[in-house]
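J.: Sequence first, then the predicted structure:
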Amino acid sequence: MGKATRKTQRRPAAGSVTTSAIRKPEGAVGPGRGEFNPDYTHVVKDLRRIGLLAGSLILGLIVLAFFLK
């Protein structure tokens, strides 16, 4: 005959946690709510300046192309 079979117990995985253990306390504020309100006005100014500079350089290249022909 073959080997005797053993019954194994199923154990929960080491990383699994029940949902009841993860509950937040009442009134807790999450990281995505509330006071984070960044000011990006300096970024908009820089992007506008970069766009104007790039546009003027391309326009200058087009004008130079007419003089070189």
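T.: Happy to help now that I have it.

J.: which stretches of this protein aren't confidently modelled?
T.: The model of the chain has pLDDT under 70 over residues 1-33.

J.: if you go through it in chain order, where are the helices?
T.: In the chain, the helices defined using DSSP state H lie at 41-68.

J.: Report the contact partners of residue 37.
T.: Counting by C-beta atoms under 8 Å, 6 or more residues apart in numbering, residue 37 touches no other residue. Backbone N, C-alpha and C define where each C-beta goes, glycine included.

J.: Quick check: phi and psi on it?
T.: phi -140, psi 90 (degrees, to the nearest 10).

J.: Need the CA coordinates for stretch 34-45. PDB is fine.
T.: Output of stretch 34-45 as PDB, limited to C-alpha atoms (Å, rounded to 0.1, in the frame of the first residue of the first chain):
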ATOM      1  CA  GLY A  34      -8.000  69.000   4.100                       C
ATOM      2  CA  GLU A  35      -5.100  71.300   4.400                       C
ATOM      3  CA  PHE A  36      -2.800  70.500   1.400                       C
ATOM      4  CA  ASN A  37      -3.200  73.400  -1.000                       C
ATOM      5  CA  PRO A  38       0.000  74.100  -3.000                       C
ATOM      6  CA  ASP A  39       0.700  77.400  -4.800                       C
ATOM      7  CA  TYR A  40       2.000  76.900  -8.300                       C
ATOM      8  CA  THR A  41       2.100  80.500  -9.500                       C
ATOM      9  CA  HIS A  42       5.900  80.500  -9.900                       C
ATOM     10  CA  VAL A  43       5.700  77.300 -12.000                       C
ATOM     11  CA  VAL A  44       3.200  78.900 -14.300                       C
ATOM     12  CA  LYS A  45       5.400  82.000 -14.700                       C
END
